[in-house]
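Asks: From the sequence below, what's the structure:
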Amino acid sequence: MSIERVVLAFAGFAVLLSLVFSQVFNPNWIWFTAFVGLNLFQSAFTGFCPLAIILKKMGLKSEVATG
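Replies: Model prediction:
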């Protein structure tokens, strides 16, 4: 799996988990959802993603654009 796909999968999982936690445990978990969304938004413009940096150091490869 590529870095980009892992980042998207992790973000989706984090959003869903935090939504469940906000309903089951404490409504303040919704702030984690907002954090993940803001991080994805800024990453789209800046290209900076802490998780992608960690995954790259772990040896995962990025998708190569063809065409």
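Asks: Quick check: Phe48 touching Gln42?
Replies: Yes. Taking contacts as C-beta atoms under 8 Å, Phe48 lies within contact range of Gln42: 7.2 Å. C-beta coordinates here come from the backbone N, C-alpha and C atoms, glycine included.
Asks: hmm, who's touching stretch 14-25?
Replies: Outside stretch 14-25, the residues that touch it by C-beta atoms under 8 Å, 6 or more residues apart in numbering are 28-30, 32-33, 36-37.
Asks: Show me which positions of it end up buried.
Replies: Going by neighbour count (16 or more other C-beta atoms under 10 Å), the buried part of stretch 14-25 is 14-15, 18, 21-22.
Asks: mind listing what the closest residue to Lys61 other than its chain neighbours touches?
Replies: Closest residue in space to Lys61, ignoring its immediate chain neighbours: Ser2 at 6.2 Å, by C-beta to C-beta, 6 or more residues apart in numbering. Counting by C-beta under 8 Å, 6+ apart, Ser2 makes contact with 60-63.
Asks: Neighbour-wise, give me the winner out of those residues.
Replies: Leu60 (16 neighbours; other C-beta atoms under 10 Å).
Asks: Now do the SS call for it.
Replies: Secondary structure, DSSP: H, G, I helix; E, B strand; the rest coil: Leu60 is coil.
Asks: Can you tell me how far it is from Pro27?
Replies: For Leu60, the distance to Pro27 equals 35 Å [C-beta to C-beta, to the nearest Å].
Asks: Kindly report the same for Leu51.
Replies: From Leu51 over to Pro27 (counting by C-beta to C-beta), the distance is 26 Å.
Asks: Of the contacts of stretch 14-25, which is the nearest to Lys56?
Replies: Val36 (19.6 Å; C-beta to C-beta).
Asks: That closest one: how many residues sit nearby?
Replies: 18.
Asks: what are the ranges of the strands in this structure?
Replies: Taking DSSP state E as the criterion, the chain carries no strands.
Asks: so Lys56 sits right up against Val7, yeah?
Replies: No. Lys56 is beyond contact range of Val7, at 10.7 Å (criterion: C-beta under 8 Å).
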